[in-house]
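In: how would this look folded up:
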Amino acid sequence: MTPMTDATLRRTEKNHVLLLIEQYDFDPSEFEWTQDDAVETQYRQEYYGRISVLIHRPTNFYCKFGRIRITFSPGARFRVESQVHQAVWSLKLDFVRTWLAELRKEVDAPDLWATIGQEKALSTAAASADLDNRPFTAAEQKLIATKLDEIKGYVLEGQVFAADEADAVEREFAYLRESAMRMGRKDWLNILLGGLFGLAVSLALEPEKARGLLRLAGTVFQSLWGMAQGVLQ
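Out: Next up is the predicted model:
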């Protein structure tokens, strides 16, 4: 067993981290330095040390500056990742950059599950036991195509998307039009709900825009379910 080592960061090192925090447009006052006693293993040997831990207080995500490795959450691939830094300060800073980039994504991401919960018309209809799975009539299919164009216009309105994102929107709405011609109404409603939610996530729509998208879909398709089934009331 090796003795306990003080592996906490020096003031100058913490100052470097502060500069990175500001580069990623965070408010430094949201972060807090703490210490922890950690046991790390390398080549079957255990190392005991007191380490510095940086916590982002609003989210409780963290970066631990261990004697052997840096452990941080969120990571680029997993919620918690650990990287050996070989006691090289430039490597430590690279891992801090990775952490801050992923933290920035998490902080900026809208809570679309909360958005879904606030706009319940489509999800209520999809879960209704009263909704049958009859095929759409030709008139209903024509109505669906028209209303899908209206919803697509709302998605594209007032926002410039990259070419691949615009193509994804076109493909999704083309698929929804096509699937309405061969699916029953209950199955299609679930496809519609999943497709719109998927677009909101992949396009990183703002929460109000995502809510508006689901609200509009619930409204324009009211006649297909609400009038006949009473499930969108």
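
In: just the CA trace of stretch 83-96, in CSV.
Out: Listed next in CSV are the C-alpha coordinates belonging to stretch 83-96 (Å, rounded to 0.1, in the frame of the first residue of the first chain):
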residue,chain,number,x,y,z
GLN,A,83,-8.9,8.8,-18.9
VAL,A,84,-5.3,8.2,-17.8
HIS,A,85,-3.5,11.6,-17.9
GLN,A,86,0.1,10.3,-17.3
ALA,A,87,0.7,13.3,-15.1
VAL,A,88,0.8,15.5,-18.2
TRP,A,89,-1.0,18.8,-17.6
SER,A,90,-1.8,19.4,-21.3
LEU,A,91,-3.5,16.0,-21.4
LYS,A,92,-5.6,16.9,-18.3
LEU,A,93,-6.7,20.1,-20.1
ASP,A,94,-7.7,18.2,-23.2
PHE,A,95,-9.9,16.0,-21.0
VAL,A,96,-11.4,19.0,-19.3
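
In: run through who's touching it.
Out: 13, 16-17, 20, 42, 63, 65, 68-70, 72 (CB atoms under 8 Å, 6 or more residues apart in numbering). For every residue, glycine as well, the C-beta is placed using N, CA and C.

In: can you rerun that using 7 Å?
Out: For stretch 83-96, the external contacting residues (CB atoms under 7 Å, 6 or more residues apart in numbering) are 13, 16-17, 20, 63, 65, 68-70, 72.

In: neighbour-wise, give me the winner out of these.
Out: Highest neighbour count within the contacts of stretch 83-96, by other CB atoms under 10 Å: residue 65, with 26 neighbours.

In: ok, now which ones touch it?
Out: Residues in contact with residue 65 (CB under 7 Å, 6+ apart) are 9, 51-52, 92.

In: cool, and residue 141?
Out: Per CB under 7 Å, 6+ apart, neighbours of residue 141: 180-181.

In: 10 Å instead?
Out: Residue 141 sits next to 135, 177, 180-182 when contact means CB atoms under 10 Å, 6 or more residues apart in numbering.

In: what two of those have the greatest distance between them?
Out: Spatial extent of those (CB to CB) is set by the pair 135 and 177 at 14.7 Å.

In: related to what we said a few turns ago, generate TSV for the contacts of residue 65, with pLDDT, neighbour count and secondary structure as supplementary columns.
Out: Conversion of the contacts of residue 65 to TSV gives the following (pLDDT from 0 to 100; neighbours: other CB atoms under 10 Å; DSSP: H, G, I helix; E, B strand; the rest coil):
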residue	pLDDT	neighbour count	secondary structure
9	96	19	coil
51	95	22	strand
52	97	19	strand
92	96	22	helix
